[in-house]
Every structure is written in structure tokens, then in C-alpha cells.
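Engineer: Next one to model:
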Amino acid sequence: MKMLSGGVTAPKGFTASGVHCGVKKGKGDGNQPPMSKRPEVLEGKKDLALIVSEQPCTAAAVYTMNRVKAAPLYVTMDHLENGEARGIVANSGNANACAPNSHEHAEEMCALAAQATGLKAGDFVVASTGVIGQELNIDAIRAGMPACAAALSKDGSDAAANAIMTTDTVKKEMAVSCTVGGKTVTIGAIAKGSGMIHPNMGTMLCFITTDCAITQEMLSDALHDIVPRTFNRVTVDGDTSTNDMCVVLANGMAGNDLIEWKDEGYTVFHSTLHSVMEQLARSIAADGEGASKLITCTVHGARSEETAERLAKSVVGSPLVKAAMFGSDANWGRVLCAMGYSKAPFRPEFVDVRFRSVLGEVLVCSQGAGVDFDEDLAASILGQDEVIIDVDLHEGDHGATCWGCDLTYDYVKINGDYRT
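Structural biologist: The predicted structure is shown next:
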């Protein structure tokens with residue numbers, strides 16, 4: 001596997017773009033006329049993105065498990081019934097969820113993208129992210145779509161990645177290549193996610209492109225196998241969004257033999273896709289709203305992977321653990337407490353807990369009881385950008401890793417006035 005630049009446009013046949021069209025009314029945009037009635041495009045945050053393949057793609061998607069789902073998800077589900085797509089249209093600044101005319105606006109976004117690119121509305125996946133419950137400013141999108149389509153290019157991934165950001169502080173973008181049947185296959189991706197993150201698929205969007213030749217069945221199997229072990233193991237604040245979506249488009253332009261079975265080619269593709277999605281999952285956790293550090297919890301020695309995952313997710317999701325990590329306080333009792341209410345079976349008297357980072361590690365709990373340790377060393381270890389909580393159950397051969405972030409004062413500041 002080789003790391004590349006270029007994000008979603010690194011694979012053959014994909015272009016992307018992102019522009020500012022003023023979806024979110026407020027500072028700098030309130031009561032301004034649509035772009036078509038202005039002499040020039042106003043400067044501002046990019047909020048409309050396009051990703052387009054020059055060839056038809058097999059497509060697969062995973063959606064939020066929240067019972068309340070935004071209209072774009074239902075429109076996308078409908079458009080992907082045939083397992084095919086040509087592009088993705090997405091906006092930030094408004095979730096188009098639980099809002100007036102939401103379904104109509106989601107359909108119109110696809111129609112506008114189709115009109116601007118010469119494709120069909122049903123060729124597009126549609127996604128939105130932002131505040132829930134407010135009507136989408138479709139006038140801004142109508143005015144901005146021609147410019148967005150005109151900006152499509154092989155250098156457009158960066159603009160698209162920025163256009164889907166909301167409270168994110170850094171863009172999430174990557175690309176890698178691997179060899180499948182003697183051919184170079186490339187996978188590119190962009191994602192957004194910072195708050196309202198507790199996936200069973202949290203607000204997060206992920207768009208993945210590849211030039212691999214693979215059937216829709218195999219693509220879907222790979223995606224549905226990897227999501228539970230990557231994005232579904234991230235938690236920032238325990239809230240599962242209404243808009244979560246992870247979509248993969250594969251246009252086959254790499255020229256590899258079609259992956260139809262779970263053979264060696266599938267294994268290589270699956271492994272590479274897993275690496276991409278795991279890195280993006282870590283990036284989302286590290287960029288949690290107000291976060292100052294990434295918290296990784298690895299549970300091993302479990303009787304089953306499910307048990308290990310449930311325990312690890314409970315630890316990284318605990319507000320008290322997150323607060324202790326923010327304060328670099330080696331309060332290991334909060335780790336055991338979070339494990340205890342997870343409803344996962346384990347023997348507390350067998351548990352060892354270590355805190356680790358680039359500065360080393362410190363054993364803080366052995367066989368379910370506290371041990372003497374150097375508090376200054378522990379504080380130094382916990383003061384790093386990534387802290388690893390290592391839990392050994394000593395009961396089996398299974399394990400799982402989950403990711404979260406610390407809980408800071410800024411989280412409340414960001415979310416206290418998010419809508420207003």
C-alpha cells in the first residue's frame with residue numbers, strides 16, 4: 001500500500017470541486033441576494049461540493065442507524081437501488097433534516113447537479129450536513145451549482161473536502177494505492193465529522209472513490225464489513241446524527257480483473273479500504289469538537305470481539321474518562337467504572353489497565369486493584385496528543401480498538417449556540 005495525494009480525485013476518472021454559495025444565512029451571508037443576482041461570488045467558506053466519475057460506478061452505502069433520518073439519505077437510498085451512481089452532491093451549513101420541503105430540496109439538488117453536468121438526477125448521491133430543522137436555502141444552491149460544476153477538476157478534492165466541513169478544524173482527506181492482479185488500484189476519500197459523533201454510522205459524512213473493478217455485491221460486502229470495525233468504533237459525544245452516510249463509488253478504470261469473489265484480489269482491496277477508513281475514523285475522533293487529544297482504547301484478552309468492542313466504546317464514551325484525560329489525571333477507576341456499566345461480561349478481578357503514549361507506559365491497575373505508580377510520569381504520558389488506554393481482560397484471545405477524544409470547556413462553548 002502506498003500513500004498518495006489527491007484525495008477523491010486520485011483514482012482514475014474522478015473530478016471534484018467545492019465552492020461557496022451562501023447556504024448558511026448568518027454572519028456575512030444574512031439577507032444577501034442569490035449569487036446569480038450578485039456581480040461576483042462573495043468570499044466565504046465553501047459549502048457546496050461535487051464529485052463526478054467519467055464512467056458509471058458500482059456503488060455501496062451505509063447510513064445512520066438513527067430512527068430520524070434526513071431527507072438526503074432517503075433520496076440516496078432510492079437512487080442507489082440499482083447499485084449504480086456517477087456522482088455525489090453535498091452541502092454544508094444545513095442538514096436538510098426535519099425541515100420544510102426537505103425531500104423536495106434533496107431531489108432538486110440532484111436535478112441541479114445533473115443539469116450542470118449533463119448527467120441524470122438518479123445518477124447522484126446527495127448529502128447534507130449542518131443545523132437540523134431549518135429549511136434548506138435551495139436558492140443559494142441553485143445559483144451556485146453552475147460554478148461548482150464548472151470548477152470540477154483533478155485538483156478539486158481539497159475544495160470538496162473543505163466544502164463539507166462544519167465544526168471540523170481540519171479537513172479529512174487521503175488516498176492510497178495497492179496492486180490487484182498486477183494492476184495499480186487507487187482508493188481516495190474525504191470525510192467530515194467533529195461533533196454529534198457516536199456512529200452506528202455520528203455528524204459524519206464519508207465519500208470514497210476507487211478505480212477498482214469490483215461487483216456491487218463485493219463492494220457492499222467490504223463496506224458493510226469494515227464500517228463496524230472503523231466508523232462504528234468512534235464516539236465523540238454519544239449522539240448519533242440524523243445525516244451520517246458513508247458511500248463508495250467504484251468506476252473500474254484501473255483495468256484489473258473484475259473482483260467477483262472473495263479471492264486474493266478482494267482480500268487486498270478489503271485490507272486497503274480498511275486502512276483508509278480506519279485512518280479517517282481516527283481523524284474524526286482526534287478532531288472532536290473542542291478536543292485537545294485523541295483517546296484510543298484497546299481491549300484485549302476478551303472472550304469475544306463483541307465484548308471487547310462494547311467495553312472499549314464504553315470507556316472512550318465515558319464523560320468522566322474524557323474529562324480525566326483532558327486534565328491528564330490518571331483516574332483509572334473511571335475506566336473500570338465505564339467498563340462495569342457497559343453490560344459486557346468480564347471478570348473485574350482479572351483486569352489490568354495501562355496508560356500509554358509516545359512517552360512510554362504506566363501500569364495503574366493490576367487484577368482489578370490499584371498499584372503504586374509515578375503520578376508525574378502518568379501525567380506526562382496523558383499530556384500527549386494521543387493517549388492509549390490499554391485494557392487486558394486475561395480471559396480470551398479476542399480484542400477491539402475504539403477511538404474518542406477528551407471533553408473540554410470548548411465543547412460546551414461550540415454547542416451552546418450552534419443553531420443561533
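Engineer: Just the helices from the stretch 1-150 of the chain, written as ranges.
Structural biologist: 71-79, 102-117, 138-150 (DSSP state H, counting those that start in this stretch).
Engineer: other SSEs contacting the first one?
Structural biologist: With contacts defined as 3 or more C-beta pairs under 8 Å, 6 or more residues apart in numbering; DSSP states H and E, the packing partners of helix 71-79 are strand 48-63, helix 102-117, strand 124-129, strand 245-250. To be clear about C-beta, it is placed using only N, CA and C from the backbone, and glycine gets the same treatment.
Engineer: pLDDT below threshold where in the chain?
Structural biologist: Across the chain, residues meeting the criterion (pLDDT under 70) sit at 25-43, 194-203, 236-242, 411, 415, 418-420.
Engineer: helix, strand or coil for the closest residue to Gly399 other than its chain neighbours?
Structural biologist: Spatial nearest neighbour of Gly399, excluding adjacent residues (C-beta to C-beta, 6 or more residues apart in numbering): His300 at 3.5 Å. Three-state call for His300 (DSSP: H, G, I helix; E, B strand; the rest coil): strand.
Engineer: How many residues are close by His300?
Structural biologist: Using other C-beta atoms under 10 Å, His300 is surrounded by 18 other residues.
Engineer: Show me the beta-bridge partners of it.
Structural biologist: Legend: beta-bridge partners of His300 under DSSP bridges are Asp392.
Engineer: Tell me which residue lies farthest from the centre of this protein.
Structural biologist: Asp372 (39.4 Å; C-alpha atoms, centre = their mean).
Engineer: Kindly reformat the helices of the stretch 1-150 of the chain as TSV and extend each row with mean neighbour count and distance to Ser177.
Structural biologist: Putting the helices of the stretch 1-150 of the chain into TSV (neighbours: other C-beta atoms under 10 Å; distance: least, C-beta to C-beta, whole Å) gives the following:
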stretch	mean neighbour count	distance to Ser177
helix 71-79	22	28
helix 102-117	21	27
helix 138-150	21	28
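Engineer: coming back round to it: where does the residue farthest from the centre of the chain sit: helix, strand or coil?
Structural biologist: coil.
Engineer: what's near enough to touch it?
Structural biologist: By C-beta atoms under 8 Å, 6 or more residues apart in numbering, no residues touch Asp372.
Engineer: could you redo the last one with a cut-off of 10 Å?
Structural biologist: Residues in contact with Asp372 (C-beta atoms under 10 Å, 6 or more residues apart in numbering) are Leu363, Val364.
Engineer: could you measure it against Ser366, distance?
Structural biologist: Remark: distance between Asp372 and Ser366 (C-beta to C-beta, to the nearest Å) = 10 Å.
Engineer: related to what we said a few turns ago, phi, psi for the residue farthest from the centre of the chain please.
Structural biologist: phi -70, psi 130 (degrees, to the nearest 10).
Engineer: go on, Ala95?
Structural biologist: Torsion angles, degrees, to the nearest 10, at Ala95: phi -80, psi -10.
Engineer: and Ser271, how many neighbours?
Structural biologist: Neighbours of Ser271 (other C-beta under 10 Å): 13.
Engineer: Report the contact partners of the spatially closest residue to Gln115 that is not a sequence neighbour.
Structural biologist: Nearest in space to Gln115, with sequence neighbours left out and distances taken as C-beta to C-beta, 6+ apart, is Met145 at 7.6 Å. Residues near Met145 by C-beta under 10 Å, 6+ apart: 19, 21, 35, 48, 50, 89, 108-109, 111-117.
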